[in-house]
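>>> following is a predicted model, sequence given first.
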Amino acid sequence: MTEFVSDVKIIPYNDADVYRVLSDPRKLELVKERIPEDKIKDFTFDEESISFRVDPIGNVRFLVVEREPNKLVKLKSEKLPFEVFLWIQLVSKAEKDTRLRMTLQADLNPFIKGMVEKPMKEAVDKISDVLIQLPYDRL
């Protein structure tokens, strides 16, 4: 498995608010205008999954497979030629100081790894940057 890990990011909200939003994919509907449509299209959400289209890969779906209140949301890919897991880890440092780290693990063969390594690392960084800017107390 190849692993891509974001830097630890600071979110100026309490861990319960952050977890409440990130553990329910439907909340992403409220911020989908922040997602660059030139990269990712056709977003749909429900309580347990996120679906979208990425060119040239095609349709991708992530299912929420594990939730640990105020600490972890784990997602697993569907409809990809390789398995992908995404962990969103949260740590409370103070009342309005939650730390976020994203880890993406993918089962990549050497040929595919060479093609997707840089875009996947960039995606993890960009997603974590968007997540730290959300108004968690209003979602």
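Great, that's in hand. If you're wondering where the values come from, they're calculated on a predicted model, not measured in any experiment. Numbers count the residues shown, from 1 in each chain.
>>> any buried residues in the helix or strand where I88 lies, and which?
Taking DSSP states H and E as the criterion, I88 maps to strand 84-94. Residues of strand 84-94 classed as buried: 84-90, 92 (neighbour count, 16 or more other C-beta atoms under 10 Å). Every residue, glycine included, has its C-beta placed from N, CA and C.
>>> one more: stretch 126-139?
The neighbour-count check on stretch 126-139 (16+ other C-beta under 10 Å) flags 127-128, 131-132, 134, 136, 139 as buried.
>>> as JSON lines, those residues with distance to E29 would be great.
JSON lines is the format used below for the buried residues of stretch 126-139 (distance: C-beta to C-beta, whole Å):
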{"residue": "I127", "distance to E29": "16"}
{"residue": "S128", "distance to E29": "20"}
{"residue": "L131", "distance to E29": "15"}
{"residue": "I132", "distance to E29": "19"}
{"residue": "L134", "distance to E29": "12"}
{"residue": "Y136", "distance to E29": "15"}
{"residue": "L139", "distance to E29": "10"}
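>>> just the closest of those to R26, please.
The shortest gap between R26 and any of those belongs to L139, at 10.1 Å (C-beta to C-beta).
>>> was I right to think the closest one contacts R26?
No: using C-beta atoms under 8 Å as the test, L139 is too far from R26 to be in contact (10.1 Å).
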